[in-house]
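**Q** sequence and predicted structure, then a few things I'm wondering about:
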Amino acid sequence: MVRGCGFLPETIDLNVASVPRMYDYLLGGKDHYPADREACQRLMDQAPQTRSLACAQRQFRLRAVRSLALTYGIDQYVEFGCGLPSWENTHTTARRARPASRVVYIDRDPMVVAHGRALMEQAGTTVIQGDLAQAPGILDHPDISNLLDLTKPVAVLAVSLLHTLPDRTGCEQAVACLIDALPPGSFLVASQLISHETDLANKIDSVMHDATGGQWGHVGSAREARTLFRGLNLLTPGVTDVALWRPDDMQGRPVRGPLQEVGGIGQKPSSAC
Ligand SMILES: C[S@@+](CC[C@H](N)C(=O)[O-])C[C@H]1O[C@@H](n2cnc3c(N)ncnc32)[C@H](O)[C@@H]1O
């Protein structure tokens, strides 16, 4: 547990839906309960493409890490809001290209941390309970300083996380400070749900606030999604529908519908402080 940095939940209430267990259900995992499945159904009643969007963001994370490892030589990752372990985790993707890759997984949810420690912790990885709002102080955590060389570029991941944050502004500032504290050449990989339809966005927010007991932020806008990369050099193709971010089949097929997951990768320029 990270100390002195605000509230981190210690208990798990299986009667209240949790975002990581809902994602696990949508992605075909086995770590979910009736409250999670009911919340997913309510969500899919509003936006039938929800499951496809969850899959699209996972595929985006895979392609993003693969690109960073293969094209940019990155072998150090800090993943915020990693979610429950699944068939493909960041260290598995990264190590296919760079076997010595090291990964720090950070999530505020105690069940994610327990499962992560059981299934993902091994030489070169660590799983920490922590909050994105605590960045960059979290870099002082001994498990991080022992594992990563913070004089060399690091990739920070916040995939499908931003719409779940009740304090989005505070977390954006925390991410900016974290990137400031990292060496030039470091990367930020981020994605989030957006919608141009205010009515739909409001309905989804209302379902999620109700089902998770307030563990939700809001479905954002394209402008908000771009804001996070301010001051960074965006890799092509910029901030886009995640299915169109360097798709494997060159074309990419966006998930159709008024709810979208958009994301991208920004690199800290060498002139930045
Ligand atoms: C949508 S899920 C995970 C998605 C995952 N990144 C992926 O690529 O599939 C969002 C995760 O963020 C975690 N989370 C929510 N707020 C957080 C915060 N402030 N700091 C760290 N993790 C957070 C949740 O517990 C959950 O596991």
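**A** Thanks, I have it. This one's a predicted model, so the numbers in the text were calculated from it and none came from an experiment.
**Q** use CA for all of it now, contacts and neighbours both
**A** Noted.
**Q** how about the residues of the stretch 51-200 of the chain near the ligand?
**A** For the stretch 51-200 of the chain, the contact set with the ligand under Cα under 6 Å from any ligand atom comprises 58, 61, 80-83, 107-109, 130-133, 159-161, 164-165.
**Q** swap in 8 Å and give it another go.
**A** Contact residues, the stretch 51-200 of the chain versus the ligand (Cα under 8 Å from any ligand atom): 54, 57-58, 61, 79-84, 106-109, 112, 129-133, 157-162, 164-165, 171.
**Q** can you show me the strands along the protein?
**A** 76-80, 102-107, 125-129, 155-158, 187-195, 233-234, 240-241, 259-267 (DSSP state E).
**Q** export those to a markdown table and append columns for mean pLDDT, mean neighbour count and distance to residue 47.
**A** Below are these laid out as a markdown table (pLDDT from 0 to 100; neighbours: other Cα atoms under 10 Å; distance: least, Cα to Cα, whole Å):
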| stretch | mean pLDDT | mean neighbour count | distance to residue 47 |
| --- | --- | --- | --- |
| strand 76-80 | 97 | 25 | 26 |
| strand 102-107 | 97 | 26 | 26 |
| strand 125-129 | 96 | 23 | 31 |
| strand 155-158 | 97 | 24 | 23 |
| strand 187-195 | 97 | 25 | 11 |
| strand 233-234 | 98 | 18 | 30 |
| strand 240-241 | 96 | 22 | 16 |
| strand 259-267 | 97 | 26 | 7 |
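**Q** which of these sits closest to residue 217?
**A** Ranking these by proximity to residue 217 (Cα to Cα) places strand 187-195 first, at 10.6 Å.
**Q** who does that closest one touch, helix- and strand-wise?
**A** Judged by 3 or more Cα pairs under 8 Å, 6 or more residues apart in numbering; DSSP states H and E, strand 187-195 is in contact with strand 155-158, helix 222-227, strand 259-267.
**Q** is any residue of the second one near the ligand?
**A** No. Using Cα under 8 Å from any ligand atom, helix 222-227 stays clear of the ligand, coming no nearer than 15.4 Å.
**Q** relative to residue 41, which of the strands of the chain is closest?
**A** Of the strands of the chain, nearest to residue 41 by Cα to Cα is strand 259-267, at 15.7 Å.
**Q** against which helices or strands is the closest one packed?
**A** Judged by 3+ Cα pairs under 8 Å, 6+ apart, strand 259-267 is in contact with helix 50-72, strand 187-195, helix 222-227, strand 233-234, strand 240-241.
**Q** now that strand, how far from the centre of its chain.
**A** Once both centres are worked out by Cα atoms, centre = their mean, to the nearest Å, strand 259-267 turns out to sit 11 Å from its chain's centre.
**Q** paired strands for that strand, with orientation please.
**A** In the sheet, strand 259-267 lines up against strand 187-195 (antiparallel), strand 233-234 (antiparallel), strand 240-241 (antiparallel) (DSSP bridges).
**Q** same list (those strands) but as TSV, adding distance to residue 152.
**A** As requested, the strands paired with strand 259-267 are exported to TSV (distance: least, Cα to Cα, whole Å):
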stretch	distance to residue 152
strand 187-195	11
strand 233-234	18
strand 240-241	28
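**Q** helices along the stretch 1-150 of the chain, start to end?
**A** For the stretch 1-150 of the chain, the helices defined by DSSP state H, counting those that start in this stretch occupy 19-26, 34-46, 50-72, 90-97, 110-119, 142-147.
**Q** count of neighbours near residue 249?
**A** For residue 249, the neighbour count with other Cα atoms under 10 Å is 8.
**Q** any idea how far it lies from residue 220?
**A** Taking Cα to Cα, to the nearest Å as the measure, residue 249 falls 28 Å from residue 220.
**Q** and if you look at residue 83?
**A** Relative to residue 220, and taking Cα to Cα, residue 83 is found at 20 Å.
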